[in-house]
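> coords below, sequence missing:
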């Protein structure tokens, strides 16, 4: 009886042990909940491997063809590299200089 009362009055047993149980138990609980989340995402994304391979091949071929068409339409002979303003430069002043130099060219 004396030992039980002494343990009940001890701050470590009274506050420390429940806190430790909460932290350790919470980590295990969180592990289970996050595992459910990732399992659900994996299950939702699952496709038939043959169908997935066909979709990926078609998607890549279409993207490459579209990009090739875009590159054919771009005129690279009139391209000019324009430097942006440095952090210590006034960006508005620099933009005005760029606009005035562009209007002189055109």
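Everything's here; your move. Just so you know, these numbers come straight off a predicted model, no measurement behind them.
> can you give me the helices for the protein?
Counting by DSSP state H, residue ranges of the helices within the chain are 2-9, 11, 17-45, 49-73, 91-105.
> Take those helices and lay them out in CSV including mean pLDDT.
Listed next are those as CSV, based on pLDDT from 0 to 100:
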stretch, mean pLDDT
helix 2-9, 76
helix 11, 83
helix 17-45, 87
helix 49-73, 76
helix 91-105, 76
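> Distance to residue 80 for these - can I get that in a markdown table?
Where you see a C-beta, it was placed from the backbone N, CA and C, and this is true even at glycine. Converted to a markdown table, those look like this (distance: least, C-beta to C-beta, whole Å):
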| stretch | distance to residue 80 |
| --- | --- |
| helix 2-9 | 81 |
| helix 11 | 74 |
| helix 17-45 | 45 |
| helix 49-73 | 18 |
| helix 91-105 | 8 |
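> Would you format the ones you listed as CSV with mean neighbour count included?
Shown next, in CSV, are these (neighbours: other C-beta atoms under 10 Å):
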stretch, mean neighbour count
helix 2-9, 9
helix 11, 7
helix 17-45, 9
helix 49-73, 10
helix 91-105, 10
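> And the ones you listed: which comes nearest residue 81?
The minimum distance between residue 81 and those falls on helix 91-105, with 11.7 Å, by C-beta to C-beta.
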